[in-house]
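K.L.:
Got a predicted model here, sequence first, then my questions.
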Amino acid sequence: MKIAVTKRVPGLDEALKELPTDADVWVHSSETALERDELAEAVHDAHGVLVVGDRFDAELMDASPHLKVLSNYGVGVDNIDLDAAAARGIAVTNLPHEVTYSTAELAMALLLACVRRIPEADQFVRTHNPFSWTPTIIMGDNLQGKTIGIVGFGRIGQRVAKMAKAFDMRIVYYSRTRKRDVEETTGVGYLDLPDLLRRADVVSLHIPGGEDTKHLIGAPELAMMAPNAILVNLARGTVVDEEALADALEAGSIRAAGLDVFENEPAVNTKLTTLPNVVLTPHIGTTTWQAREAMTKGALANIVSTLWPEEAGQ
Ligand code: NAP
């Protein structure tokens, strides 16, 4: 059985030792993305592919006639044409548990960076040395007592809620399905999306990407948010109308945004890159050693359980 790994990932050499002895593995030698024709060539005879950030469509699947499993290196699978995979009997697996903490922690980091203006403060020290301290130097706000509105109350959204609780924030959520059991155990309240947007001091997005959620936050939704509100997006860039967001931030109709994902990723709206009230990170929600090593192990285990079900104890 042939396995192709489309980028080098942390912990790979150790994880590869756990593969069945008859596994024939090809690993792309670098961390940079393969061009489409190189990717097609690399996977054409593979039975399993560890997909690290690549787009995988019907054409690529047809060019790989032995393909049985696409093991996605992440939880979101909007980079893979799921209907095309299902039609060809190709299993698609993801990593629902390995990324929860690192992504939730970055949501809190971006929130803190926005509310305490950390990038501006850092820049200030570098450009004013020695700096002159005043009582209102880089004014911020406490999170304590503020309301966080979590959109998408799955694994990451619920983890953010636990972290926000430790900051003594009030927590409300909106999700496709109301979760009364979680409401009962955590005391977190449900609001529909317009109410959440009107009431939250911070809106934190944790829903999947794709057509269903495209521009869930557009100009009308941004207009519902309070002028002092902050938007944090660690979901997918497509969830937010980036042009409308840039306009709202420029006009000051919302206060700040912390963004890890972008509508036309890897390109970023250039207006966003010039505004001081935006904190930008290059899709690093899962870029911690702990998450990465767990992801590498998990992604290879997902291939093994499909290609060698007897080895995986199934
Ligand atoms: P999850 O456990 O599946 O949670 C997603 C939640 O969103 C679920 O509660 C879900 O449905 C809800 N939802 C789905 N569609 C919705 C819609 N149209 N409107 C409202 N709510 C909707 O997934 P997760 O592990 O928390 O991950 C969430 C997303 O985060 C991933 O899909 C991925 O795109 C993104 N992510 C980004 C990074 C990064 O590096 N920035 C890292 C990891 C994940 P129900 O309400 O029905 O339960």
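P.N.:
Yes, it's here.

K.L.:
Please list all residues in contact with the residue of the stretch 1-150 of the chain found nearest the ligand.
P.N.:
In the stretch 1-150 of the chain, no residue comes nearer to the ligand than residue 76, which is 2.8 Å away by C-beta to the nearest ligand atom. From N, CA and C alone the C-beta is placed, and that goes for glycine too. Residue 76 makes contacts with 94, 208-209, 236, as judged by C-beta atoms under 8 Å, 6 or more residues apart in numbering.

K.L.:
Show me which residues of this protein are close to the ligand?
P.N.:
For the chain, the residues in contact with the ligand under the definition C-beta under 6 Å from any ligand atom are 75-76, 96, 99, 103, 152-157, 175-177, 206-209, 212-213, 234-236, 260-261, 283, 285-286.

K.L.:
Using neighbour counts, trim those residues to the buried set.
P.N.:
When burial is judged by neighbour count using 16 or more other C-beta atoms under 10 Å, the buried members of the residues of the chain next to the ligand are 75-76, 99, 103, 152-157, 175, 206-209, 213, 234-236, 260-261, 283, 285-286.

K.L.:
So which of the residues of the chain next to the ligand sit within helices?
P.N.:
Members of the residues of the chain next to the ligand lying in helices (criterion: DSSP state H): 103, 155-157.

K.L.:
Phi, psi for the residue of the stretch 1-150 of the chain closest to the ligand please.
P.N.:
Dihedral pair for residue 76: phi -70, psi 130, per degrees, to the nearest 10.

K.L.:
how close does it get to residue 250?
P.N.:
Between residue 76 and residue 250 the distance, using C-beta to C-beta, to the nearest Å, works out to 29 Å.

K.L.:
Next, give me the two most distant ones among the contacts of residue 76.
P.N.:
Every pair in the contacts of residue 76 was compared (C-beta to C-beta); the two farthest apart turn out to be 94 and 236, at 13.7 Å.

K.L.:
got a list of what the residue in the chain that the ligand sits nearest to touches?
P.N.:
Closest approach of the chain to the ligand (C-beta to the nearest ligand atom) occurs at residue 154, with a separation of 1.8 Å. With contact taken as C-beta under 8 Å, 6+ apart, residue 154 is in contact with 175, 206-207.

K.L.:
Alright, that wraps it up for me.
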